[in-house]
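Asks: Sharing a model that was predicted from the sequence below.
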Amino acid sequence: MEHPKLMTFTLASRSGASALLATVLLTACAVYEAPPPPPPHHVVARPVPAVVYVEPAPRAVVSIYVEPPLFQPEPILIGWAPPPMLVEVPVPLPYAGAVWVGGYWVWQGDWVWAAGHWRAPPQPDYA
C-alpha cells in the first residue's frame, strides 16, 4: 500500500496538470488570421542621365581703354583664366610711323577686353 502523503501528492499533481492543460487549451484556442502581406514594392530602375557639359552662352565683350601702368601692380589671385584672345583688324593707319598695339584681356573685377590701338613709337633714348 502506498504512503498517504505520496498518494496525495500524486493526485494533487495530476489534478494540477489537468487544470493547467485545460487552461492552456481553453485560452490558446483563439483563431488568429494573419493580415495579408503587403503588395510587392516594385522599384523601377530609371537610367541615370549622363552628365553633359553645356557650354554657357558667350558673354558680351566689354571693351575699355586702359592706360599702361607706370609701375608694376601688386599681384592678385584670380579664380579663372581669361577668355581666348580676340582677333582685331586694325583700323587704317592714322599717321605715318604709328605702331599698332594689340588688344589684351585685363582684370577689372571681371575680365574685360582692352582694345588694340595705334600709338606713336617709343622715342630714342626714352627711359
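Replies: Happy to help now that I have it. Nothing here was measured: the structure is a model prediction, and the numbers come from that model. Numbers count the residues shown, from 1 in each chain.
Asks: Tell me where this protein has strands.
Replies: Along the chain, the segments classed as strands by DSSP state E run 63-64, 99-101, 104-107, 111-114, 117-119.
Asks: quick one, which of the ones you listed is nearest to residue 74?
Replies: For residue 74, the closest of those is strand 104-107, at 12.0 Å, according to CB to CB. Using the backbone N, CA and C atoms, a C-beta is placed for each residue, glycine as well.
Asks: for that closest one, packing partners?
Replies: In terms of contacts (3 or more CB pairs under 8 Å, 6 or more residues apart in numbering; DSSP states H and E), strand 104-107 is packed against strand 111-114.
Asks: Mind giving me the packing neighbours of the strand it packs on?
Replies: strand 63-64, strand 104-107.
Asks: ok, the nearest residue to residue 112 once chain neighbours are set aside - how many residues close by?
Replies: Among residues not flanking residue 112 along the chain, residue 62 sits closest, at 4.4 Å (CB to CB, 6 or more residues apart in numbering). For residue 62, the count of nearby residues is 10 (other CB atoms under 10 Å).
Asks: for residue 62, what are its contacts?
Replies: Residues counted as contacts of residue 62 (CB atoms under 8 Å, 6 or more residues apart in numbering) are 110, 112-113.
Asks: same deal with residue 91?
Replies: With CB under 8 Å, 6+ apart, residue 91 has these contacts: residue 118.
Asks: heads up, I number from 5, so please use that
Replies: Got it, first residue is 5 now, which makes that one residue 95.
Asks: Please tell me how far it sits from residue 56.
Replies: Taking CB to CB, to the nearest Å as the measure, residue 95 falls 42 Å from residue 56.
Asks: same deal with residue 98?
Replies: Counting by CB to CB, the gap from residue 98 to residue 56 is 48 Å.
Asks: And residue 77, by the same measure?
Replies: Counting by CB to CB - residue 77 and residue 56 are separated by 40 Å.
Asks: sorry, back to before: residue 98 and residue 56: which is more packed in?
Replies: The residue with more neighbours, out of residue 98 and residue 56, is residue 98; 9 against 5, by other CB under 10 Å.
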